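Student: fold the following, please.
(2 chains)
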Amino acid sequence: MEVLKLAAPETVLVVIALAVLAVDLLALRGQPVSMRFGIGAAVAGLGCAATMLMLLGRHAHANLFDGMLVVDPLTNVVKAAIVLLTLFTVLISTAGKFTEHVGEYLALILLATVGMMFLVSAEDLLMIFISLELLSLSLYVLTAFNKRNIKSAEAALKYFLFGGMAAAFTLFGLSLLYGMSGSTNLHRIAEGLAGKGMDPLLIVAVVTTLIGFGFKVAAVPFHLWAPDAYEGAPTPSAAFIATGSKVASFFILAKIMMIGFAGAEGSAAWRTFISGWMPAMALLAALSMVLGNLTAIAQTSLKRLLAYSAIAHGGYMLLAVMANNEAGMAGLLYYVITYGLATLGAFGVVQVVEDATGNDSIISFTGLSRRAPALSLCLLVFLLSLGGIPPLAGFFGKFFVFSAAVGADGNHLGLLWLVILAIAMSAVSFYYYLRVLKAAYVADGADVTQATNMMAVPVATLAALVLLAFLVVILGCAPALLMGLLQAGDQVGH
Amino acid sequence: MNVGLEHYLVVSAVLFALGLLGVVTRRNILVIYMSLELMLNAANLALVAFSRFNNNLDGQVMVFFIITVAAAEVAVGLALIVALYRRRQTTHVEDLNLLKH
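Tutor: Numbering: from 1, shown residues only, chains lettered A, B, ... in the order given. Just a heads-up that it's a prediction; the model follows:
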C-alpha cells in the first residue's frame, strides 16, 4: 500500500493515459480529429495538472525496496518540471494534423512521462534500465507517428537502431558494475567499488555506460540520430524528445556518475588528466560544444538547427555534471529545465509555421513579425534565452552551470579550460539564433509582398507559447524561484 | 578444466563484440536487430555469471526483466520495419537516405 501512496502521481498518470485511450476509442470514434484532440488533450492536461499539484504538495522522504523508488523533495521538483513539459507538449500538439490516432498518441506521451518519472526516482540499476526502456520505446513509436510523411518511419528506425545500441552498451556497463560490487543499488555500488582503484574492468564499465548515456543525451560523437529524428518526427514528438526526455536522462546520468561512480572520478584538469569518468566526459562535452555549434551554423531547416543546438546545450550540461557537487546538480537542473521550456516553445513556433507554409526551412520564417506578431515575439524570447541573453532564463542557466564548474571543490580551477571553451562557443551560437530572428524581423524587400498576409495561429497553441515565454522571462527575472526549490531539495536529499 | 568467472566474461565480451560488429557492418535491418539482441544477451550472460559467483540473486532477477524488455523492444522494432516497408518497400539501411543535412 505504501507503494501506491508514494507512486500515486505515476499511478494517476497511467490511469489518465488509459482513460484518454478508452474515451477516444469508445466514445469519440467518427468525430473530427480536432474535436478528438481537444477532448483528449483536456483530459490529459487535467491529469498532468493534478499530478503536478500532488508532486509539489507533498514533503515525504522515502526509499522503497532499497532504492527502487526514492521520493524526496528534489525528485518531486524534477518530476513536476517533467510533467509541466508534458502538459505543454500536449497543448502544442492539439492543432496537429499529423495523425488520426489521437488516443494512442496522447496515451503514449503520458506513458513516456511515467517512464521519465520512475527514472527520476530510481537509484537501482534494474529500475533505471526498465524505466529508461519504457521511455525510449514510447519515444520510438511517437517518432514514427506521422504515417503520411515518408521521413517519419525512417527517422524512427534510425532512432530505434541507435537507441537499441545505446541500451545494449548501458546494460553491459551496468552488468560489469553489478559484478564488481555485488549490488544493484547505486550507493552500495560506490561502497563496493571504493578502494579498488581503476582496474581494467571498471574502465570498461565507465566507458560503456558513458557511451550508452552519450547516445541518450545526444553527445558528440554519439549524436548522429538526433538531427534525423527531430527532422522526421512530428514536431510535437520532436519537442518532447528534445525536452522532457533530456531532463530525465541528464538527471539520471548525473545521479549514476555522482553516486554510483563516486571515487572513480579521475580528473579532467588541464594537463593533469587522471583516468576516470571525468576525462571521458570532458572529451564528450568539448566535442559536443564545438561540433554542435559549428554544424548548427550550416543548417537551413530550423528543426535540424534546433537539434544541433540541443547537442551543443548537452555539452554545457555535461560540464555541470562534471562539477560533481550540489551546486553542479542544482545548476544542471536549472539549466535543463529552462532549456526545456525555451526549446519546447521554439518547436511550438516551428509547428505553427510548418502547418501554415508546408516546411520548416528558415526561409519560411521570413516576415513572421508581420504575419504573426505575437508568435514571432515568442520566438524572439525563446531563441534569445537559448542564446543566453541576460534578462532571460537561459543566461542564468549558463551562469549557474559555469560558476559551478569553475568553483568545483578540489579542482582548483581545473575545469576552467572547458568553461572558456563553452563561453566562446555560446558566442558562436548567437550567430545562428540571430540568423533565424533576422529572417523573422528584418525581411528582405523581395519577400515582403508574399509575406504580408496574416498567419492563422491556433488559440491553444498560442496560449501555450505565450505562457512558456512568460515562464522563461519570469525565471530569468527571478531565478531564485526555481533555484531555491532545487537547492532546498538538494540539501535535504544528501 | 575448471571454468571460472573470467571464462564467462571472455565469452560475454566476445558476444558483445560480435554483436557490435554485426550492427556496424550488416546492411539488412533484420540482421541488425539480431545483432542487437546478441549484444543484450552478452550483458545477460555477464549478469548471470556474476550472480553465480557473487552468491547473490539480483543479477538473475535482472536478466528476467531484460529478456522481457528485449521482447517488447523487438515488437516495437518490427512494427517500425513494417511501417517503413509499407512506404518504401525496403529493409536495407542504404535506402534510409531521405534525411540528410
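Student: mind saving the C-alpha coords of stretch A:465-483 as PDB?
Tutor: Output for stretch A:465-483, consisting of C-alpha atoms alone and laid out as PDB, is shown next (Å, rounded to 0.1, in the frame of the first residue of the first chain):
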ATOM      1  CA  LEU A 465       3.500  29.500 -26.300                       C
ATOM      2  CA  VAL A 466       2.700  32.800 -24.500                       C
ATOM      3  CA  LEU A 467       2.700  31.000 -21.200                       C
ATOM      4  CA  LEU A 468       6.000  29.400 -22.000                       C
ATOM      5  CA  ALA A 469       7.600  32.700 -23.000                       C
ATOM      6  CA  PHE A 470       6.200  34.200 -19.800                       C
ATOM      7  CA  LEU A 471       7.800  31.400 -17.700                       C
ATOM      8  CA  VAL A 472      11.100  31.900 -19.500                       C
ATOM      9  CA  VAL A 473      11.000  35.700 -18.700                       C
ATOM     10  CA  ILE A 474       9.900  35.100 -15.100                       C
ATOM     11  CA  LEU A 475      12.600  32.500 -14.400                       C
ATOM     12  CA  GLY A 476      15.100  34.900 -15.900                       C
ATOM     13  CA  CYS A 477      14.000  37.900 -13.800                       C
ATOM     14  CA  ALA A 478      13.700  35.800 -10.600                       C
ATOM     15  CA  PRO A 479      15.900  32.700 -11.000                       C
ATOM     16  CA  ALA A 480      15.600  32.200  -7.200                       C
ATOM     17  CA  LEU A 481      12.100  30.900  -7.700                       C
ATOM     18  CA  LEU A 482      13.300  27.600  -9.200                       C
ATOM     19  CA  MET A 483      16.800  27.700  -7.900                       C
END
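Student: so for it, what's the average pLDDT?
Tutor: For stretch A:465-483, the per-residue pLDDT values average out at 88.
Student: mind listing what's buried in it?
Tutor: For stretch A:465-483, burial by neighbour count (16 or more other Cβ atoms under 10 Å in any protein chain shown) applies to A:Leu465, A:Val466, A:Leu467, A:Leu468, A:Ala469, A:Leu471, A:Val472, A:Leu475, A:Gly476, A:Pro479, A:Leu482, A:Met483. (Each C-beta comes from the backbone N, C-alpha and C, glycine too.)
Student: and the residue nearest to the first one when sequence neighbours are not counted, what does it touch?
Tutor: In other words, A:Leu465. Take A:Leu465 and drop its neighbours on the chain: the residue closest to it by Cβ to Cβ, 6 or more residues apart in numbering or on different chains is A:Cys378, 4.5 Å away. Contact criterion Cβ atoms under 8 Å, 6 or more residues apart in numbering or on different chains gives A:Gly345, A:Gly348, A:Val349, A:Leu465, A:Val466, A:Leu468, A:Ala469 as the residues in contact with A:Cys378.
Student: what does the strand or helix carrying the last one rub up against?
Tutor: Spelled out, it's A:Ala469. For A:Ala469, the host element (DSSP states H and E) is helix A:459-477. The contact list for helix A:459-477 (Cβ under 8 Å, 6+ apart) reads A:38, A:41, A:88, A:91-92, A:94-95, A:338, A:341-342, A:344-345, A:348-349, A:351-352, A:374-375, A:377-378, A:381-382, A:385, A:390-396, A:481-482.
Student: where exactly do the strands run in the stretch 201-350 of chain A?
Tutor: Under the criterion DSSP state E, counting those that start in this stretch, the stretch 201-350 of chain A contains no strands.
Student: now the residue nearest the centre of chain B, what's its secondary structure?
Tutor: In chain B, the residue lying closest to the centroid (Cα atoms, centre = their mean) is B:Glu37, at 2.3 Å. Look at B:Glu37: counting by DSSP: H, G, I helix; E, B strand; the rest coil, its state is helix.
Student: count of residues packed around the closest residue to it other than its chain neighbours?
Tutor: Taking Cβ to Cβ, 6+ apart as the measure, B:Glu37 lies nearest to B:Ala70, with 6.4 Å between them; neighbours along the chain are not counted. The burial count assigned to B:Ala70 is 20, neighbours taken as other Cβ atoms under 10 Å in any protein chain shown.
Student: and the helix or strand where B:Ala70 lies, what does it pack against?
Tutor: Mapping B:Ala70 onto the secondary structure by DSSP H and E places it in helix B:58-88. For helix B:58-88, the helices and strands in contact under the criterion 3 or more Cβ pairs under 8 Å, 6 or more residues apart in numbering or on different chains; DSSP states H and E are helix A:125-143, helix A:150-181, helix B:29-54.
Student: roughly how far apart are A:Ala190 and chain B?
Tutor: Between A:Ala190 and chain B the distance, using Cβ to the nearest Cβ, to the nearest Å, works out to 16 Å.
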